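just the structure for this:
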Amino acid sequence: MDIEELNFWKSIFRGILSDIDIGIYFLLRENGRMTDTEIAKRLGVSATTIRRRRLALQEKGYLQILGILILQELHMAYMDVLVKFNRNASGDEIERFINDAKGNYRIFEIAEYAGKYDVLLRFFERDMHFLTRSIHEFMSKHSCVADYELLPVTRSPKAFAKKLK
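Numbers count the residues shown, from 1 in each chain. The predicted structure is shown next:
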């Protein structure tokens with residue numbers, strides 16, 4: 001990471017994260033299995049410092065280390081679905097929709113929006129036919145949905161700020 005990029009991240013986090021915290025994040029983003037010792041060597045500090053900072057980031061909920069499957073490398077079909085709720089939908093109906101989406105194993109991300117659409121759902125399946133059918137079946141179960149738009153993903157050159165093959 002160059003100084004311009006570091007300064008960008010520091011300005012975004014406004015003192016919440018230190019240079020070491022940002023360095024830990026970047027190194028783990030590239031290799032989530034990197035040891036505290038290796039991170040310490042790369043950042044020029046002690047392994048104890050790295051372990052303490054990493055654990056603090058995790059305890060605060062700022063950092064979560066997880067594995068992701070690169071769907072395009074597995075030749076899976078995936079699609080973003082933008083959802084607009086009915087204007088008269090109750091909070092309970094919307095909450096049931098969100099909870100149903102959380103429990104749907106075909107949905108790997110949910111984001112709430114402010115604007116034309118209310119929610120983004122990211123679905124995946126083995127092929128476009130099954131994917132489209134799964135999405136329509138899911139949406140048809142929810143009367144709170146006024147409209148939705150399907151956006152098939154053809155390629156992801158970058159995900160979670162990491163360049164992909």
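
and the residue of the chain positioned farthest from its centre, what's its pLDDT?
For the chain, the C-alpha farthest from the mean C-alpha position belongs to Ser46; by C-alpha atoms, centre = their mean, that distance is 30.4 Å. Looking at Ser46, its pLDDT reads 97.

now it, nearest residue through space, not along the chain?
Spatial nearest neighbour of Ser46, excluding adjacent residues (C-beta to C-beta, 6 or more residues apart in numbering): Ala40 at 5.8 Å. The C-beta positions use only the backbone N, C-alpha and C, and glycine is treated the same way.

same question, Val119
Excluding its sequence neighbours, the residue lying closest to Val119 (C-beta to C-beta, 6+ apart) is Val83, at 4.4 Å.

tell me the buried residues in the helix or strand containing the one you found?
If you go by DSSP states H and E, Val83 is part of strand 77-85. Of all the residues in strand 77-85, those buried under the rule 16 or more other C-beta atoms under 10 Å are 77-79, 81-85.

ends of stretch 38-49, what's the gap?
Stretch 38-49 has an end-to-end distance of 12 Å (criterion: C-alpha to C-alpha, to the nearest Å).

other residues contacting it?
20, 23-24, 27-28, 36-37, 50, 54 (C-beta atoms under 8 Å, 6 or more residues apart in numbering).

of all the residues you listed, which comes closest to Arg122?
Leu28 (22.5 Å; C-beta to C-beta).

burial count for Glu4?
For Glu4, the count of nearby residues is 7 (other C-beta atoms under 10 Å).

buried residues, stretch 83-99. List them.
83-85, 89, 93-94, 97.

which pair in those residues spans the largest distance?
Farthest pair in the buried residues of stretch 83-99 (C-beta to C-beta) is Lys84 and Glu93. Separation: 13.6 Å.
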